[in-house]
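1. coords below, sequence missing:
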Ligand SMILES: Cc1cc2nc3c(=O)[nH]c(=O)nc-3n(C[C@H](O)[C@H](O)[C@H](O)COP(=O)(O)OP(=O)(O)OC[C@H]3O[C@@H](n4cnc5c(N)ncnc54)[C@H](O)[C@@H]3O)c2cc1C
């Protein structure tokens with residue numbers, strides 16, 4: 001047994017989180033000869049796909065593209081059963097990756113990291129877990145996920161409720177049986193939209209409480225065919241290369257012409273074609289849908305018309321049709337029969353846009369003076385995105401600077417990967433990078449490669465610490481804002497803007513410049529001697545690149 005006051009064990013790199021980011025980090029760092037320790041709050045790997053087990057949870061990017069590309073053997077041997085895989089299969093894939101590359105032995109499960117403090121005298125991070133375990137490391141990498149802290153809505157009276165409650169982002173591991181039950185679903189973002197059709201199949205009755213209608217596109221999901229799978233696998237290496245330089249990390253045809261440059265008939269044909277194909281490619285129908293209000297309106301109105309043609313009750317159809325913000329400026333939802341579900345006799349829609357929920361009662365809830373009773377309430381109320389999970393850890397950089405304090409008015413990073421005053425602390429898909437605006441598998445792999453290459457660079461050059469200069473960070477924050485404001489994105493009160501969290505600063509957090517353009521910037525930064533970063537060697541000399 002270790003002596004009580006002995007120094008904590010030390011490794012080269014601590015990784016927090018064992019989702020797709022943490023798994024690939026561990027694999028890569030291990031291969032590069034670094035000692036690592038991974039801490040994961042859950043009991044198993046998979047991150048998002050471990051926690052979000054709600055009925056209907058599914059990928060909104062095609063699985064042939066939402067999967068790792070780092071191993072040719074892995075991508076050739078793994079087979080998906082559907083075009084857009086469901087959560088259990090994606091979780092199985094994460095487990096397969098962990099086993100195939102023997103990753104579990106370095107992961108400590110059920111171990112939440114509480115704090116990470118930088119010791120400037122030693123140039124090391126001291127990381128402490130909920131189990132009071134301590135470990136020091138030269139590098140600390142937050143692979144904690146962008147949408148991993150469920151936003152539990154604070155409804156008055158919630159504690160009085162005697163029925164069952166669930167949050168889609170923290171769903172029980174055992175099957176929940178809703179047969180014969182009356183349930184409420186609060187929230188119609190991506191998770192609600194995926195869950196509602198499946199819940200309606202099982203429950204006696206479902207009442208959907210909608211504050212904001214969301215644009216949703218049909219997935220047109222179907223079983224994977226050998227032919228379709230082969231069309232990817234035969235040329236995977238080349239297709240993946242191409243995918244990395246696309247605007248969103250998805251290979252689909254972006255039609256590079258403006259929407260209003262063609263006739264209304266031609267537009268209708270194009271939209272119809274893309275609707276029939278399914279998935280988020282609809283937004284690529286024209287190159288200005290996210291840039292030009294009028295162009296956007298043509299796509300938005302097409303979707304509204306589709307809703308009107310699907311939903312039989314015209315009042316319900318109008319409530320479901322989003323009108324107050326441009327299409328695509330909140331993460332587009334991809335559904336399997338969402339709008340059709342409102343034609344069922346056992347599904348009701350309650351509009352809470354004007355009168356929000358007054359309170360939860362012992363048996364249900366009250367809104368607009370009317371009482372409802374339920375056996376279960378499902379909260380599909382989303383996440384404290386991008387910063388929420390980081391803030392749950394007490395992260396202190398140089399001179400005790402707290403991350404939460406530094407980011408009080410909104411996150412500040414250089415490239416979304418590091419923040420000044422926090423040497424050797426990296427974030428995977430952090431704010432200021434394309435992250436949630438992209439196929440995240442592509443963004444995760446790019447960040448992991450870039451971060452691990454930087455660590456190798458430091459080892460080769462015998463450098464102790466790395467951090468961005470304040471100027472580089474300020475310039476990047478300005479650039480991220482400038483690019484965001486050239487688009488229609490800031491027009492929506494979205495979680496990209498922190499608008500779903502009371503009191504959170506309204507800053508557009510991800511980088512909208514595009515996955516390919518962002519990758520080139522990261523490559524240029526390295527080619528120019530890590531432009532904007534400063535390094536310290538053991539002789540404490542500062543090697544700044546501006
Ligand atoms: C319902 C849902 C559907 C999604 N669908 C898609 C999709 O179709 N396409 C797409 O591109 N993206 C999608 N995403 C985004 C998804 O989060 C990413 O694709 C990807 O899974 C993120 O992986 P990650 O490893 O970076 O983070 P996560 O998967 O979130 O993993 C982070 C891990 O860190 C752990 N952790 C956090 N804090 C601590 C701590 N303090 N101590 C210890 N452990 C900690 C968490 O327990 C978690 O396991 C979806 C997200 C959700 C919520």
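-> Looks like it came in fine. Model, not experiment: these values are computed from the prediction.

2. Tell me the residues of the protein that contact the ligand?
-> Contact residues, the chain versus the ligand (Cβ under 6 Å from any ligand atom): 16-22, 39-42, 47-48, 50, 52, 57, 59-61, 66, 112-113, 143-148, 191, 389, 392-393, 428-429, 439-440, 444. C-beta here means a position set from N, CA and C on the backbone, and glycine is covered the same way.

3. Kindly recompute the last result at 5 Å.
-> Proximity of the chain to the ligand, by Cβ under 5 Å from any ligand atom, involves residues 17, 19-21, 39-42, 47-48, 52, 59-61, 112-113, 144-145, 147-148, 389, 393, 439-440.

4. Okay, buried residues for stretch 36-56 please.
-> By 16 or more other Cβ atoms under 10 Å, the buried positions in stretch 36-56 come out as 36-42, 44-56.

5. quick one: which of those residues sit in strands?
-> Judged by DSSP state E, strands contain the following of those: 36-39.

6. which parts of the longest helix anywhere in the chain are buried?
-> When the chain is scanned for its longest helix (criterion: DSSP state H), the result is helix 440-460. By neighbour count with 16+ other Cβ under 10 Å, helix 440-460 contains the buried residues 440-448, 450-452, 454-455, 458.

7. And those residues, which is closest to residue 121?
-> residue 458 (18.8 Å; Cβ to Cβ).

8. Bridge partners for the residue nearest to the closest one when sequence neighbours are not counted, pull those for me.
-> Of all residues not flanking residue 458 in the chain, residue 466 sits nearest, at 6.0 Å (Cβ to Cβ, 6 or more residues apart in numbering). Here residue 466 sits in beta bridges with residue 535, going by DSSP bridges.

9. I'd like the distance between residue 466 and the ligand.
-> Distance, residue 466 to the ligand, by Cβ to the nearest ligand atom, to the nearest Å: 21 Å.

10. Could you do residue 215 as well?
-> As judged by Cβ to the nearest ligand atom, residue 215 and the ligand stand 16 Å apart.

11. ditto for residue 363
-> From residue 363 to the ligand the distance is 29 Å (Cβ to the nearest ligand atom).

12. What pLDDT is listed against that residue?
-> pLDDT, residue 363: 96.

13. correct me, but it touches residue 162?
-> Yes. Contact criterion Cβ atoms under 8 Å: residue 363 and residue 162 qualify, at 6.7 Å.

14. So those two - more neighbours on which side?
-> Neighbour totals were compared for residue 363 and residue 162, and residue 363 leads with 14 against 9 (other Cβ atoms under 10 Å).

15. quick one: contacts for the more buried one?
-> 161-163, 373-374 (Cβ atoms under 8 Å, 6 or more residues apart in numbering).

16. can you rerun that using 6 Å?
-> Residues near residue 363 by Cβ atoms under 6 Å, 6 or more residues apart in numbering: residue 373.

17. Can you name the residue of the stretch 401-546 of the chain nearest to the ligand?
-> In the stretch 401-546 of the chain, the residue that lies nearest the ligand is residue 440 (3.4 Å; Cβ to the nearest ligand atom).

18. excluding its backbone neighbours, what's nearest that residue?
-> Distances taken as Cβ to Cβ, 6+ apart place residue 429 nearest to residue 440, at 6.4 Å, with adjacent residues excluded.

19. do the same with residue 438
-> Per Cβ to Cβ, 6+ apart, closest to residue 438 is residue 249, 4.2 Å.

20. How far off centre is the lengthiest strand in the chain?
-> For the chain, the strand that runs over the most residues, judged by DSSP E, is strand 134-142. Put simply, strand 134-142 sits 24 Å off its chain's centre (Cα atoms, centre = their mean, to the nearest Å).

21. Now that strand: buried residues?
-> Buried-residue list, strand 134-142, by 16+ other Cβ under 10 Å: 135-142.

22. pLDDT added to the residues you listed, as a markdown table?
-> Shown next, in a markdown table, are the buried residues of strand 134-142 (pLDDT from 0 to 100):
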| residue | pLDDT |
| --- | --- |
| 135 | 98 |
| 136 | 98 |
| 137 | 98 |
| 138 | 98 |
| 139 | 98 |
| 140 | 98 |
| 141 | 98 |
| 142 | 98 |
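
23. Please, where are all the strands along the stretch 351-500 of the chain?
-> Remark: strands assigned in the stretch 351-500 of the chain by DSSP state E, counting those that start in this stretch are 357-360, 364-367, 370-373, 376-379, 394-396, 425-427, 463-468.

24. And the second one, what does it pack against?
-> On a contact count with 3 or more Cβ pairs under 6 Å, 6 or more residues apart in numbering; DSSP states H and E, strand 364-367 meets strand 357-360, strand 370-373.

25. deepest of those, which one?
-> Sort the helices and strands packed on strand 364-367 by mean neighbour count, taking mean count of other Cβ atoms under 10 Å, and strand 357-360 sits at the top with a mean of 18.

26. Given that one, what are its sheet partners and their directions?
-> Strand pairing for strand 357-360, using DSSP bridges, gives strand 364-367 (antiparallel).

27. which SS state does the closest residue to residue 140 other than its chain neighbours fall under?
-> Leaving aside its sequence neighbours, residue 140 sits nearest to residue 125 (Cβ to Cβ, 6+ apart; 4.1 Å). Per DSSP: H, G, I helix; E, B strand; the rest coil, the local secondary structure of residue 125 is strand.

28. Which residues does residue 125 form beta bridges with?
-> residue 118, residue 137.

29. Looks like it contacts residue 116 (just checking).
-> Yes. With contact defined as Cβ atoms under 6 Å, residue 125 reaches residue 116; the gap is 5.4 Å.

30. so what's in contact with the two at the same time?
-> With Cβ under 6 Å, 6+ apart, residue 125 and residue 116 have common neighbours residue 140.
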